[in-house]
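> 3D model of this:
(one chain, ligands or ions: 2)
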Amino acid sequence: QRQDHSATALADGELAGIAAAPGEALGAAYYLHRARIEVSETSLGIAEERARLADGLAQLHARLDHASDHHAAEIAAAHRGILNDPALAEALDARITAGASAAMAWQAVMGEEAEALAGLSDPRLSERADDFRDLEQQLICILIGKETQLSAPAGAIVIADDLYPSDLKPLADAGIAGIATMRGGATSHLAILAASAGIPMVAAFGKQLCDVEEGELVHLDGDQGRLRRGLSDADRDALARHMADRSARYTRALEAAQDDTVLASGERIEVFANLGNVEDAQEARALGAEGSGLVRTEFLFLDRATPPDHDEQAQIYRAIFACFDDKPVIFRTLDIGADKPASYLPMEAEDNPALGVRGIRIGLRYPDLLRTQLRAILSAAGARTAYIMAPMVTGVDEVDALRAMLDEVVSELNHTGPAKLGAVKLGAMIETPASALIAPVLAARLDFLSVGTNDLTQYTLAVDRTNSEVAAMQDPMHPGVLRLIGLAGEACEAAACPLGVCGSAAGDRVAAAVLVGLGVRELSASAARIPELKAHLRGLTLATCRKAALSALAAATPEAARAAAAGVIDADMNDNCDGATPVPHTKDEG
Ligand code: PEP
Ligand code: MG
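Ligands and ions are numbered 1, 2, ... in the order given. Sure, this is the predicted structure:
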């Protein structure tokens, strides 16, 4: 099935997939075929097969202990979680008791799990099927004593039906240049590992990928999700030059990444990073983040049997603060809900989880959970300014209730804590049309606002952000979304309330300029985007951004809005300096 999630039309000889890991590669296509190992063997007896399984699992666990970086370590931890699941052990034992060999039992149980996951509509869940298939094949190889080690020539663009997370390291060690797969998606563990190894990847090309010939020179674009075939010598030379320019520009951007961001017309823009954990914070600082506009604290609360207690939270929040000296760090209160379920909350299944009990609604429904989190953030902040932000706000009652709870916690800590707290600033996310429409009331009551363009787009356009069938419609450049952000911009200016953006539009070259033109003065993007985003903003004037915003607001469609704004930016950049810096137009976090 063909999927085109990209912003621009396809050129001749171009195939469209889903951008999974950023960067470009030019190289010879190399087909990687995995021989799937099927076993059929008879049981040597229940006790013997139980022992073989236990021994194989011990070897598999030992492999998972050798993670190369923090992404690999997190994925290994997820794999350990799968292996340690008591329900899995039960299912395996039932099969062995019924007469299956260890390998047959393993293949059957893991196959069923993978199948069940693969059928789910949320790609964040369905892409986990590959983790089960990966573990299935790894243990089978261990049990039958046949190790298959994938390899490919250095500089190759690997073409495969799908790859497993454990395939990445040997391929990276072999020096491959890129990965194109028929299946898979942007949120698979393979994609995360490819991005952290700096290997561009595009997934979900479908059967059309088979048209590529072995050894053919292809260009893979991991930012746009494209693969280009049929390259002439002139194309090849032009692409090689373009990639060399790009990498030189990136090196320059990286050299200036720690400097402040000042527009060519003199206005300061704060460029912040979105974070999910302490490692993200370290990476963000190294890449020039001047603070964090969004700490997604919910990651601490998911995939566990009990919520983290005060001390566990405070320790992590302290470590995040420590990465940013005295720069601002905005902690969003836990944004869990029925689609990001926490097993310890007694939640009913919901027909429309995105419209159900999530975001600040959860926090107010479970006040002890929220109060503990506020206490942990404030005690970690100590004398520093604490920025606290509410997710999924739709009305003033919600922020008033949060303010009241916060005031209580502040006065309690000021009485009992070791020292007086620093300033406390309360903000809200503009992620629903309602919150954008009442921005004047919110701006008057709160210390700052921040637009979550991922959810604001989802709710404005009625486009489920987890449904790949409508992924192409999830475009924050829709003039309807931009108008809502414009309302927030006007309200914040009138109330002198700082306005930021922490959705993925903040890291997009064209959208970032439009957002600044709409009144945004703080952009919080994923860390990898920061150096180029800063370099790009330094080449723009506020007048250009305003002109780009006006032209986008006046457009009829997202495509026309993007083209109009890009036209304004490119024309003005040509007047100013060395041309447009290609911060890619991708939707990396939605
Ligand atoms: C958003 O919705 O834009 C946002 C930043 O929050 P999240 O992506 O975590 O829902
Ligand atoms: Mg959101």
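> If you rank every helix and strand of the chain by mean pLDDT, what lands last?
helix 123-126 (a mean of 76; mean pLDDT, DSSP states H and E).
> How far off centre is the following helix or strand past that one?
Using DSSP states H and E, the helix or strand that follows helix 123-126 in sequence is helix 129-144. The chain centroid and the centroid of helix 129-144 are separated by 26 Å under CA atoms, centre = their mean, to the nearest Å.
> which helices and strands does the helix or strand that comes right after helix 129-144 pack with?
Using DSSP H and E, the helix or strand that follows helix 129-144 in sequence is strand 157-160. If you count contacts as 3 or more CB pairs under 8 Å, 6 or more residues apart in numbering; DSSP states H and E, strand 157-160 packs onto strand 24-31, strand 178-181. Backbone N, C-alpha and C define where each C-beta goes, glycine included.
> Three-state assignment for residue 421, please.
coil (DSSP: H, G, I helix; E, B strand; the rest coil).
> Contact partners for it?
Each residue near residue 421 by CB atoms under 8 Å, 6 or more residues apart in numbering is listed here: 378, 381-383, 386, 410, 413-414.
> And it, how far from residue 243?
Distance of residue 421 to residue 243, computed by CB to CB, to the nearest Å: 51 Å.
> got it, and residue 73?
Applying CB to CB to residue 73 and residue 243 gives a distance of 31 Å.
> ok, now residue 156?
16 Å.
> Get me the contact residues on this structure for ligand 2.
431, 452, 455 (CB under 5 Å from the ion).
> would you turn those into TSV with pLDDT?
Formatted as TSV, these follow (pLDDT from 0 to 100):
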residue	pLDDT
431	97
452	97
455	94
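> What about those residues, which are in helices?
residue 455 (DSSP state H).
> now the residues of the chain next to ligand 2 as CSV including neighbour count and distance to ligand 1?
Converted to CSV, the residues of the chain next to ligand 2 look like this (neighbours: other CB atoms under 10 Å; distance: CB to the nearest ligand atom, whole Å):
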residue, neighbour count, distance to ligand 1
431, 28, 5
452, 28, 3
455, 22, 3
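> Out of the helices and strands packed on strand 157-160, which gets nearest to ligand 1?
strand 178-181 (24.9 Å; CB to the nearest ligand atom).
> That closest one: partners in the sheet, and parallel or antiparallel?
strand 157-160 (parallel), strand 201-203 (parallel) (DSSP bridges).
> Could you tell me how far the helix or strand just after the shortest one lies from the centre of the chain?
If you walk from strand 201-203 toward the C-terminus, the next helix or strand you reach (DSSP H and E) is strand 217-221. Taking the mean C-alpha point of strand 217-221 and that of its whole chain, the gap between them comes to 24 Å (CA atoms, centre = their mean).
> what's strand 217-221 packed up against?
strand 24-31, strand 178-181, strand 226-228, helix 233-255.
> again, only using 10 Å
strand 14-16, strand 24-31, strand 157-160, strand 178-181, strand 201-203, strand 226-228, helix 233-255 (3 or more CB pairs under 10 Å, 6 or more residues apart in numbering; DSSP states H and E).
> dump the residue contacts of the nearest residue to residue 188 once chain neighbours are set aside.
Distances taken as CB to CB, 6 or more residues apart in numbering place residue 127 nearest to residue 188, at 4.1 Å, with adjacent residues excluded. Contact partners of residue 127, counting by CB atoms under 10 Å, 6 or more residues apart in numbering, are 117-118, 120, 183-191, 203.
> Select only the buried ones of these in PyMOL?
The buried residues among these can be selected in PyMOL (16 or more other CB atoms under 10 Å) with this line:
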select buried, resi 117+118+183+184+185+186+187+188+189+190+191+203
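> Number of residues surrounding residue 515?
Using other CB atoms under 10 Å, residue 515 is surrounded by 31 other residues.
> A helix includes it, no?
Yes - if the criterion is three-state DSSP, then residue 515 is within a helix.
> Enumerate every residue touching it.
269, 451, 453, 476, 482, 485-486, 489, 499-501, 503, 505-506, 508, 521-523, 545, 548-549.
> Check residue 240 too.
Here residue 240 is in contact with 26, 219 (criterion: CB under 10 Å, 6+ apart).
> ok, now how distant is it from ligand 1?
Noted for residue 240: a distance of 36 Å to ligand 1, by CB to the nearest ligand atom, to the nearest Å.
> of the contacts of residue 127, the lowest pLDDT goes to which?
Lowest-confidence member of these: residue 187, scoring 72 (pLDDT).
> any idea which element the closest residue to residue 420 other than its chain neighbours lies in?
Closest residue in space to residue 420, ignoring its immediate chain neighbours: residue 414 at 5.7 Å, by CB to CB, 6+ apart. Under the criterion of DSSP H and E, residue 414 resides in helix 396-416.
> and of the contacts of residue 127, the nearest to residue 248?
The closest of the contacts of residue 127 to residue 248 turns out to be residue 191 (CB to CB; 26.7 Å).
> Number of residues surrounding residue 376?
Every residue meeting other CB under 10 Å relative to residue 376 is counted, giving 25.
> before we move on, the earlier item: what is the neighbour count of the residue nearest to residue 420?
Quick note: residue 414 (other CB under 10 Å) scores 12 neighbours.
> Name all residues that make contact with it.
378, 420-421.
> Which residue in these has the weakest pLDDT?
residue 420 (88).
> I figured that one hits residue 411, correct?
No - contact criterion CB atoms under 10 Å: residue 420 and residue 411 do not qualify, at 11.1 Å.
> picking up where we left off before, can the least confident helix or strand of the chain be found next to ligand 1?
No - for helix 123-126, no contact with ligand 1 is found by CB under 6 Å from any ligand atom; the gap never falls below 11.9 Å.
> other SSEs contacting that helix?
Using 3+ CB pairs under 10 Å, 6+ apart, helix 123-126 sits against helix 102-118.
> Determine how far the helix it packs on lies from the middle of the whole chain.
28 Å.
> buried ones in it?
Buried-residue list, helix 102-118, by 16+ other CB under 10 Å: 102-107, 109-110, 113-114, 117-118.
> would you turn these into TSV with distance to ligand 1?
Shown next, in TSV, are the buried residues of helix 102-118 (distance: CB to the nearest ligand atom, whole Å):
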residue	distance to ligand 1
102	42
103	41
104	42
105	39
106	36
107	37
109	34
110	31
113	27
114	27
117	22
118	24
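> Among those residues, which one sits closest to residue 337?
For these, the nearest to residue 337 is residue 117 (20.5 Å; CB to CB).
> do you know how far the closest one is from ligand 2?
24 Å (CB to the ion, to the nearest Å).
> isn't that residue right up against residue 111?
No - Residue 117 lies out of contact with residue 111 (CB under 10 Å); the separation is 11.0 Å.
> Need the residues touching each of the two.
If you check residue 117 and residue 111 against CB under 10 Å, 6+ apart, the residues they both contact are 132-133.
> buried residues in the strand or helix carrying residue 427?
Using DSSP H and E, residue 427 sits in strand 424-430. For strand 424-430, the buried set under the neighbour-count rule, 16+ other CB under 10 Å, comprises 424-430.
> what do you get for stretch 274-289?
274-285, 287-289.
> avg pLDDT for it?
94.
> Any stretches of the protein with poor pLDDT?
Scanning the chain for pLDDT under 70 picks out the ranges 1-9, 68, 338-339, 468, 576-590.
> ok so, going back, now the following helix or strand past the strand holding residue 427 - C-alpha only, PDB.
Using DSSP H and E, the next helix or strand after strand 424-430 towards the C-terminus is helix 433-437. Presented in PDB, the C-alpha positions along helix 433-437 are these (Å, rounded to 0.1, in the frame of the first residue of the first chain):
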ATOM      1  CA  PRO A 433      -9.500  25.100  19.600                       C
ATOM      2  CA  ALA A 434     -11.400  26.100  22.800                       C
ATOM      3  CA  SER A 435      -8.200  27.200  24.500                       C
ATOM      4  CA  ALA A 436      -7.100  29.200  21.500                       C
ATOM      5  CA  LEU A 437     -10.500  30.900  21.300                       C
END
